[in-house]
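Trainee: turn this into a structure:
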Amino acid sequence: MDLLLRFQKYLRDSLSVAKNDRIILAVSGGRDSMLMAYMFVRLGYDCRLAHCNFGLRGADSDEDQKLVERFATRYAVPFFAKRFDTERYAANSKTSTQMAARELRYAWFEELRQQEGAQWIAIAQHQNDHVETALLNLTRGTGLRGMRGIMPKQGFLIRPLLFLNRDEVSEHVTEWAVHFRDDQSNFSTKYARNKMRLEVIPKLQEISPDFEEIMLTNIANFQESYALLQSFVEPIRAAIFLTTEDGIVRIEKEKLARYKDNLPLLYELFKPFGFAKEILSDLQRAWASESGKLFRSGKHELLIDRTHLLLQPLCYTEGNNSLLHIEEGAKEFDFEAYSFQMWTQFDGAIDKHHARASIDYSKLYFPLTLRFWMHGDKFHPLGMRGQQKISDFFIQKKIPLSEKVRIPILVNGNGDIIWVVGYRLDNRYRITESTKKVLTLVYK
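Mentor: Below you'll find the model as predicted:
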């Protein structure tokens, strides 16, 4: 069958892409993405070309961008390019350059998809990438999920070349005289994927000449096995992992109890939230312990409560990024769902009402800041001599996770926490007999 017909059939039957859908094409300038762009254009799809210039290869990076832009101009396709300071981003986020580039490009592609009203983002990965990914996952430690390789469709992401292998891509690039540029870094074995492609797979092909075809069959089997496993696990998860309106997952301990001693099943139930078996083993041992025991994966936090397990993303527990700077002399201001009034006076009595704080003005450094709680926050609770973590204070007060991440924290200009709004003033900022000027804050 003609390649264009195969391509169109794969788009329609395997990826559910309609002819009138708008698609963002991720085009680097390499042979794979240039062939993908060529076929989309030849078939008359509504496309936008998106090119990332990571600035990692000097003039070569700029030449890649020019190639893609010339292609877009020739075929009258809207073109978008973005230059990234990838190395700075990698240093700031303490990640590898490759991971930084991945995070930057996918975030921009999604931003562009929404901006352009597109239904899909197309990535030019083919069957050989599929095999390499499964093998790399195997070397890093993976279960069935990782052995599935690259999925053809994930959310808005599609991989329209997964029905092709590398040789077919090269053959048709030559046949149709599609211009492309080779990224020389693809030939360096300092990167794990390149080493797998250039050194490891050729050795495996010496043992089994049909190794890649065999791996594709294996991957298909892994995908079927994983789907079968999930057909048992997902109904259990749906029945006992109940998500509230504020995004907190509440799990009744009584309902989970029948599964808690089965570690492999427990692992599958919590896998979407990133919990390793070692952490879930700790959960099994702490099952009957006092409430307040906390467990974390890379992206989520799990709290043992009296009757429930409470599960939520770390982006909640690390605190909302909202900030409000309060200048000296401010009288009224809003912060998220809270409205504040502030004034000063030259005398004041201690007011224990939870919505009011009376603070020794002489100890303040403006601007003050309102923000939400972050891990590591400490203060000196009023009435206590020592320091306490705010997370421990919340546990003592039996404040649910769903509430504590929405409690404002008032911070002095020197970094001290002054007030856990609505709960407790810091002892260092209380008014005393020597206080001459009082700042009063009231919220609702």
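Trainee: quick check, pLDDT for the most centrally placed residue in the chain.
Mentor: Residue closest to the average C-alpha location in the chain (C-alpha atoms, centre = their mean): K299, at 7.8 Å. What the model reports for K299 is a pLDDT of 77.
Trainee: nearest spatial neighbour of it, chain-adjacent residues omitted?
Mentor: In this structure, K299 finds its nearest non-sequential neighbour in G274, 5.0 Å apart by C-beta to C-beta, 6 or more residues apart in numbering. The way it works is simple: take the backbone N, C-alpha and C, and place the C-beta from them, glycine included.
Trainee: quick one: residues contacting that neighbour.
Mentor: Residues in contact with G274, defined by C-beta atoms under 8 Å, 6 or more residues apart in numbering, are 297-300.
Trainee: correct me, but A276 touches F295?
Mentor: No - using C-beta atoms under 8 Å, A276 is not in contact with F295; the gap is 10.0 Å.
Trainee: so between the two, which is more surrounded?
Mentor: Between A276 and F295, counted using other C-beta atoms under 10 Å, F295 has the larger neighbour count: 18 against 13.
Trainee: flag the shaky bits of the stretch 51-200 of the chain, pLDDT-wise.
Mentor: Applying pLDDT under 70 to the stretch 51-200 of the chain flags the ranges 93.
Trainee: G422 and R356 touch, don't they?
Mentor: No - here G422 lies out of contact with R356, judged by C-beta under 8 Å, at a distance of 9.7 Å.
Trainee: state the distance from the residue nearest to K299 to E234.
Mentor: 17 Å (C-beta to C-beta, to the nearest Å).
Trainee: for T243, same thing?
Mentor: From T243 to E234 the distance is 14 Å (C-beta to C-beta).
Trainee: look at these two and report which has more neighbours.
Mentor: Of the pair T243 and E234, E234 is the one with more neighbours under other C-beta under 10 Å, namely 14 against 11.
Trainee: after the helix or strand hosting that one comes which helix or strand?
Mentor: Using DSSP states H and E, E234 maps to helix 211-240. Counting by DSSP H and E, the next helix or strand C-terminal to helix 211-240 is strand 241-243.
Trainee: partner strands of that next one, with direction?
Mentor: When sheet partners are counted by DSSP bridges, strand 241-243 sits next to strand 249-252 (antiparallel).
Trainee: right, and F109 touches I24 too?
Mentor: Yes - counting by C-beta under 8 Å, I24 is a contact partner of F109 at 6.0 Å.
Trainee: touching both of those two, which residues are there?
Mentor: With C-beta under 8 Å, 6+ apart as the test, F109 and I24 both reach 50, 121.
Trainee: what about the two, which has more around it?
Mentor: Just comparing F109 and I24: by other C-beta under 10 Å the higher neighbour count belongs to I24, 27 against 23.
Trainee: now for the helix or strand harbouring that one, which elements pack on it?
Mentor: Using DSSP H and E, I24 sits in strand 22-26. With contacts taken as 3 or more C-beta pairs under 8 Å, 6 or more residues apart in numbering; DSSP states H and E, strand 22-26 sits against helix 31-42, strand 46-53, helix 97-116, strand 120-122.
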